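Visitor: Build me a model:
(chains A and B)
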Amino acid sequence: MAFLYALPGAVAEGLIWGLMAIGVYISYKILDIADLTVDGSICTGGCVCAVLISHGVPVWVSVLVSFIAGMLTGVITGLLHTALGIPAILAGILTQLMLYSINLSILGSKSLIAIDPRANNLLVHMSDNIRSIIVAGGLIVAVIILLWLFFYTEVGLTLKSTGDNPDMSRAQGINVKLNKVIGLAIANGIVAFAGALLAQYKGSANINDGRGAIVIGLAAIFIGLSVSLRIKPNFVVSLIGVIGGGITYYIVYNFVVLLGLKTDFLKMLSAIIVTIFLAVPYIKSEYFSKPKELPAEVNGGDSDA
Amino acid sequence: MLKINNLHKTFNAGTINAKTALNGLDLTLNDGDFVTVIGGNGAGKSTMLNAIAGVWKPDFGSIEIDGVDATNMPEHKRAAFLGRVFQDPMKGTAPDMEIAENLAIAARRGTKRKLIWGIKKDERKKYKELLATLELGLETRLSCKVGLLSGGQRQAITLLMATLRRPKLLLLDEHTAALDPKTAAKVLEITDKLVNENKLTTLMITHNMHDAIAHGNRLIMMHEGKVIVDVSGEDKKKLTISELLGLFEKASGSAFASDKVMLSK
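Guide: Numbering: from 1, shown residues only, chains lettered A, B, ... in the order given. From the prediction side, this is the model:
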């Protein structure tokens, strides 16, 4: 019963994390970069949004500015990686560390800024989960449609090929470095956008928000793709799967909390979920795979023609 | 079309692993030349192609493509002039993207890419016709992910991509070496057809002396980072393998040393 009661909240929060996971999907799956900027940029999104709202800036404007701030964090990581030749993972870590200081100064050296849900017309808030689900769901649909359109444009196709095969991309005249910066900017823009929604949902922005966000994002991606790739391996289905993954993650999370897991161990839980999803395919192929029996008569393969 | 002037490149310079790959390379290609390149292990063949493509900057010397000084031009800018096919069939195509998407990306090489639809409707029809000319049954699989195709099919698509937008210069880096003999012959046949139909200026590295003699209008042999034999016209048509080896020994003062070439003789 208590679980059913917690369900709408889990879905609402799961949707927001699913949106963040779409950002991670762009960097991790499309660009093939494990971008650790995310832990910082989601917090940046929340901090910028909370500070602007508390200064009386309209909610929509605040969210838009958060998105742009997130894009800038992606540009920083992208430039560290492409212009200064720092390995992508390290570039993300460096930006993440920079962002801790930047976020702290955005919050005015406080560790937390509260948003008053009564005084502001927030897009989402935990006091009204149904409305939050509808609004977050609508925003997600809009984001998926925009991304779907974008990744089928001339520019979008080159972004896909940049992650898929950089050698081929350069040979086809694509500026791989520039594309990585653009891709990381879009990815972190979306992450910060999700961060802005999350701060509204929780009614506050905290300097420690976002620690381990990349892991939650990856968990949502793995859970989602394990289902959606079986249905249809295309872009939109994958993104919907990622959103589903985010929701599933938060339902499991709430369930485990209700079972009595100490909240201290929640990050441990995230890490274990991701570990399982990363390890299972490997364990399967390494320890449990047997060569398949060949059919009695093998048809002459002309696939090599 | 192509003018390489006194090109030098040493890898790992100043270390114990220093390797001089290009040592004062001079080469001029005329418009429409189809040049086969042959040479021993470490002669600098691939290094020459990579230098033309701009994979890295040379230590010294200059490269001019179609009258434009390309020496300091980044790789993705030079791509506007070049069609490239690599030795590794996996390198020339994006595996997780559809055949049509790969072709559409290649069709826009050297143009400014915009925020407009990436593949136009009539393009698909054109790609279908082009794929049909390969005779590999790919014309019905436009939406198929390239990663699901065989090495030979991928190499044929890479060739198509390299020539879809007419390049000033086509660079083929042992593009049949990783394929089985039957597939290699088919890909070479497609190569000949594309080069002749479009009258492309071409540099083709091969380790097969037969192919080097049978294809193209000019043959160059490289040794220690330089061109040491350059045969063209009637002389090339009459060339035999033993004459070729003799030319090499005379020019280099050593026996021809390449396991791959010897094995495929």
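
Visitor: Please make it C-alpha for all contacts and neighbour counts, starting now.
Guide: OK.

Visitor: could you say what helices and strands the helix or strand where residue A:67 lies packs with?
Guide: Here residue A:67 sits within helix A:59-82, counting by DSSP states H and E. Helices and strands touching helix A:59-82, by 3 or more Cα pairs under 8 Å, 6 or more residues apart in numbering or on different chains; DSSP states H and E, are helix A:38-54, helix A:88-106, helix A:176-202.

Visitor: Dump those helices to TSV, plus mean neighbour count.
Guide: Converted to TSV, the helices and strands packed on helix A:59-82 look like this (neighbours: other Cα atoms under 10 Å in any protein chain shown):
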stretch	mean neighbour count
helix A:38-54	30
helix A:88-106	19
helix A:176-202	27
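
Visitor: returning to what we had before: list the buried residues for the helix holding residue A:67?
Guide: Going by neighbour count (16 or more other Cα atoms under 10 Å in any protein chain shown), the buried part of helix A:59-82 is A:59, A:62-82.

Visitor: can you give me the strands in the stretch 201-305 of chain A?
Guide: With DSSP state E, counting those that start in this stretch as the criterion, the stretch 201-305 of chain A has strands at A:204-206.

Visitor: Helices of that one, residue ranges please.
Guide: A:213-231, A:235-258, A:266-287 (DSSP state H, counting those that start in this stretch).

Visitor: can you list the residues that contact the first one?
Guide: Contacts to helix A:213-231, defined as Cα atoms under 8 Å, 6 or more residues apart in numbering or on different chains, come from residues A:17-18, A:20-22, A:24-25, A:35-36, A:38-39, A:42, A:237-238, A:240-249, A:270-271, A:273-274, A:277-278.

Visitor: now do the second one
Guide: Here helix A:235-258 makes contact (Cα under 8 Å, 6+ apart) with A:2-3, A:6-7, A:10-19, A:21-22, A:144, A:148, A:216-217, A:219-225, A:227-229, A:231, A:263, A:266.

Visitor: Would you mind checking those residues for buried ones?
Guide: Going by neighbour count (16+ other Cα under 10 Å), the contacts of helix A:235-258 have A:7, A:10-19, A:21-22, A:144, A:216-217, A:219-225, A:227-228 buried.

Visitor: give me the number of residues near residue B:242?
Guide: Residue B:242 is flanked by 10 other residues according to other Cα atoms under 10 Å in any protein chain shown.

Visitor: Tell me if it really is in a helix.
Guide: Yes. Counting by DSSP: H, G, I helix; E, B strand; the rest coil, residue B:242 is located in a helix.

Visitor: just checking, residue A:168 touches residue B:97?
Guide: No. Here residue A:168 lies out of contact with residue B:97, judged by Cα atoms under 8 Å, at a distance of 11.9 Å.

Visitor: Pull up the overlap in contacts between the two.
Guide: Looking at what touches both residue A:168 and residue B:97 (by Cα under 8 Å, 6+ apart), the common residues are residue A:161.

Visitor: which one of those two has more residues nearby?
Guide: Neighbour count, other Cα under 10 Å: between residue A:168 and residue B:97, residue A:168 has more, with 24 against 19.

Visitor: Would you mind measuring from that one to chain B?
Guide: From residue A:168 across to chain B, the span is 5 Å (Cα to the nearest Cα, to the nearest Å).

Visitor: what's the answer for residue A:203, then?
Guide: Note on residue A:203: its distance to chain B, by Cα to the nearest Cα, is 37 Å.

Visitor: can you count the residues close to that residue?
Guide: Each residue near residue A:203 was counted by other Cα under 10 Å, and the total is 20.

Visitor: So what does it have for phi and psi?
Guide: Dihedral pair for residue A:203: phi 80, psi 20, per degrees, to the nearest 10.

Visitor: May I ask you to confirm that it is in contact with residue A:118?
Guide: No. Counting by Cα under 8 Å, residue A:118 is not a contact partner of residue A:203; they are 10.3 Å apart.

Visitor: would you list every one of the helices in chain B?
Guide: B:45-53, B:75-78, B:99-107, B:121-134, B:151-164, B:181-198, B:209-214, B:233-237, B:241-252, B:259-263 (DSSP state H).

Visitor: mind checking which of those is nearest residue A:193?
Guide: Comparison of the helices of chain B against residue A:193 by Cα to Cα identifies helix B:99-107 as nearest, at 30.1 Å.

Visitor: what distance separates the closest one from the centre of its chain?
Guide: The offset between the C-alpha centroid of helix B:99-107 and the centroid of the whole chain comes to 19 Å, using Cα atoms, centre = their mean, to the nearest Å.

Visitor: Quick check: which helices or strands does it pack against?
Guide: Under the contact definition 3+ Cα pairs under 8 Å, 6+ apart, helix B:99-107 sits against helix A:154-164, helix B:121-134, helix B:151-164.

Visitor: bridging residues for the residue most central in space within chain B?
Guide: Centroid check for chain B by Cα atoms, centre = their mean gives residue B:172 as the closest residue, at 1.3 Å. Here residue B:172 shows beta-bridge partners residue B:85, residue B:204, assigned using DSSP bridges.

Visitor: so it sits right up against residue B:207, yeah?
Guide: No. At 12.0 Å, residue B:172 does not count as touching residue B:207 under the criterion of Cα under 8 Å.

Visitor: Let me know the average pLDDT across stretch A:63-72.
Guide: Mean pLDDT, computed over stretch A:63-72, is 98.

Visitor: In CSV, list the C-alpha atoms belonging to that stretch.
Guide: This file holds the C-alpha atoms of stretch A:63-72, laid out as CSV (Å, rounded to 0.1, in the frame of the first residue of the first chain):
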residue,chain,number,x,y,z
VAL,A,63,15.0,27.0,-17.0
LEU,A,64,16.2,28.3,-20.3
VAL,A,65,19.2,30.0,-18.7
SER,A,66,19.9,26.7,-16.9
PHE,A,67,19.9,24.9,-20.2
ILE,A,68,22.4,27.5,-21.7
ALA,A,69,24.6,27.2,-18.6
GLY,A,70,24.6,23.5,-19.0
MET,A,71,25.7,23.9,-22.6
LEU,A,72,28.6,26.0,-21.5
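
Visitor: residues in contact with it?
Guide: Contacts of stretch A:63-72 with the rest of the structure, by Cα under 8 Å, 6+ apart, involve A:41-42, A:44-46, A:48-49, A:184-193, A:196-197.
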